[in-house]
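Chemist: build me a model from this:
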Amino acid sequence: MAAGGFCKLPNGTVVVALNLPRPLAAGTGSVRVLVHAHNRARALTRLRNLGLRAVYLRGNGQPPTPDEVTAVLHHPDGLIWRTAPGVDALASELWHPIRTLIRRPTAPTP
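Modeler: Take a look at the predicted model:
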């Protein structure tokens, strides 16, 4: 389960924001993930298809801010992340594409 929320845009699509524990391969701490999709179910499905299986949105306690909505709408994939708010050291961190968070470990070359 994750803290987060959503907002519905005038064109009928939604932006879902979730605070998730960082995947083991990427380090420790938590991340804020933003997903732009046709509806909430599709947004969560996009994350589950990337391997984040236990992702659920319960309520609307931490909806995306207007700045977060703008960031995800301007990204071509519509799926971005950065260190979760509340981590004081990285308040001005830029948004990253989701593929940098969920990298598959590569086999060492001989």
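
Chemist: ok, the closest residue to R46 other than its chain neighbours - contacts?
Modeler: Closest residue to R46 apart from its sequence neighbours, by CB to CB, 6 or more residues apart in numbering: V35 at 5.7 Å. C-beta coordinates here come from the backbone N, C-alpha and C atoms, glycine included. V35 makes contact with V15, V16, A17, L18, A43, L44, R46, L47, V72, G78, L79, according to CB atoms under 8 Å, 6 or more residues apart in numbering.

Chemist: from those residues, which single one is nearest Y56?
Modeler: L44 (7.2 Å; CB to CB).

Chemist: quick one, phi psi at the closest one?
Modeler: phi -70, psi -40 (degrees, to the nearest 10).

Chemist: now do V35
Modeler: When read as degrees, to the nearest 10, the backbone of V35 gives phi -130, psi 130.

Chemist: just grab the bridge partners of it for me.
Modeler: V16, L79 (DSSP bridges).

Chemist: which SS class is the spatially most central residue of the chain?
Modeler: Closest to where the C-alpha atoms of the chain average out (CA atoms, centre = their mean) is V33, at 1.4 Å. Put simply, V33 is strand when judged by DSSP: H, G, I helix; E, B strand; the rest coil.

Chemist: all set now, cheers.
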